[in-house]
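In: quick one: sequence and predicted model below, then my questions.
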Amino acid sequence: MKAQSLQKFRQFTLIISMLLFPITIWYFSPYLIIMAALQHIINGSFIVFTLMFIFGMFFGRLWCAFFCPTGGMSECFARFSPKEPVQGWRNYIKYAIWFVWVSGVIICHATGKGDYTIQPFFMTDHGISVSNIYAYVIYYGIVILFLIPALVHGKRANCHYICWMAPFMILGYKFGRLLHLPQLKVKAEASKCTGCGNCRKVCPMSLDIKSLVPNGEINTAECILCGECAGACKNDVLSYGISCRKEK
Ligand code: SF4
Ligand code: SF4
Ligand code: SF4
């Protein structure tokens, strides 16, 4: 698929995902998984987060680029706040949130009661998350909470700083590397790179791509595999490819 068509396809899938978000939001809920754990229920968000980890082993954070509703919203907001978020210690906030929360889920499973059951639609209305006016209040509250970092700190700052889902994919990606599994990557032909920096300007994750090019691939878990950089590079340095981690 040509770079332009790919980006049109990406915009299309993100728009669909954003439109469906009132139906799907509870399947990404960090709260419902705790309520379910107390009753020994494997709920929708448990299944989704597990799939994110498995998907991440082979496809890294492709989900973030093509399918995540809040990722799509952040990219829309980037038009109003296009600055690059400061990288550094703030990137670790999401791991702290994730660790405390996942520990809570484990404790709830350990102290919960009853036989285990699988209920993908747990606490939804026939599978629909937001089905009444009160749920809409919660829905908009979550959306606003999630988008504040993107508005204040810039492009996809929520993805860098606070997203509780990103660590599942990042850990999946790292686990896949550890196992030398074939993984989708953005490959780089370093000899063709002129260091112009066009790729960084379009990168929704504000990555310093030209410093990663000498590695022969964008080998960071912060890359969401959106392919924007490949489309912006006039020298055809960047392209999708499949590779396994090589021993040094
Ligand atoms: S980091 Fe989180 S909010 Fe951002 S696109 Fe990925 S899953 Fe969505
Ligand atoms: S746009 Fe291409 S040539 Fe320019 S810095 Fe990026 S990879 Fe190198
Ligand atoms: S490095 Fe390229 S593929 Fe990765 S997030 Fe940035 S623009 Fe997208």
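Out: Yep, it's here. Ligands and ions are numbered 1, 2, ... in the order given.
In: please make it C-alpha for all contacts and neighbour counts, starting now.
Out: Noted.
In: report the central residue of the protein.
Out: Closest residue to the average C-alpha location of the chain: Cys64 at 3.5 Å, with Cα atoms, centre = their mean.
In: pretty sure that residue contacts Ser74?
Out: No. Using Cα atoms under 8 Å, Cys64 and Ser74 do not qualify as a contacting pair, with a distance of 10.7 Å.
In: please save the CA atoms from the lowest-mean-pLDDT helix or strand in the chain in CSV.
Out: Taking all helices and strands of the chain together, the one with the lowest average confidence (mean pLDDT, DSSP states H and E) is helix 133-153, at a mean of 90. Taking only C-alpha atoms (Å, rounded to 0.1, in the frame of the first residue of the first chain), the coordinates of helix 133-153 have been written out as CSV:
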residue,chain,number,x,y,z
ILE,A,133,-27.4,9.9,30.3
TYR,A,134,-25.3,9.2,33.5
ALA,A,135,-22.9,7.0,31.6
TYR,A,136,-22.5,9.8,29.1
VAL,A,137,-21.4,12.1,31.9
ILE,A,138,-18.7,9.5,32.9
TYR,A,139,-17.8,9.1,29.2
TYR,A,140,-17.2,12.8,28.6
GLY,A,141,-15.3,13.1,31.9
ILE,A,142,-12.9,10.3,30.9
VAL,A,143,-12.5,11.8,27.4
ILE,A,144,-11.7,15.3,28.8
LEU,A,145,-9.4,13.8,31.5
PHE,A,146,-7.5,11.9,28.8
LEU,A,147,-7.2,14.8,26.4
ILE,A,148,-6.0,17.4,28.9
PRO,A,149,-2.3,16.3,28.7
ALA,A,150,-2.5,16.4,24.9
LEU,A,151,-3.8,19.9,25.0
VAL,A,152,-1.4,21.2,27.7
HIS,A,153,1.7,19.3,26.8
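In: per-domain residue ranges of the protein.
Out: In terms of domains, the chain is parsed into 3-174, 181-243 (source: automatic domain parsing).
In: relative to Phe99, how far out is the residue nearest to the centre of the chain?
Out: When distance is defined by Cα to Cα, to the nearest Å, Cys64 is 20 Å away from Phe99.
In: before we move on, back to that, now the domains of the chain as JSON lines including distance to ligand 3?
Out: Rendered in JSON lines, the data for those read as follows (distance: least, Cα to the nearest ligand atom, whole Å):
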{"stretch": "domain 3-174", "distance to ligand 3": "8"}
{"stretch": "domain 181-243", "distance to ligand 3": "4"}
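In: for Cys229, see how far away Lys192 is.
Out: Using Cα to Cα, Lys192 is found at 14 Å from Cys229.
In: who has more neighbours, those two?
Out: Per other Cα atoms under 10 Å, whichever of Lys192 and Cys229 has more neighbours is Cys229, with 25 against 13.
In: so what's Asp115 up against?
Out: Under the criterion of Cα atoms under 8 Å, 6 or more residues apart in numbering, the contact list for Asp115 reads His40.
In: and the residue nearest to the centre of the chain, what pLDDT?
Out: At Cys64 the predicted local confidence, pLDDT, stands at 98.
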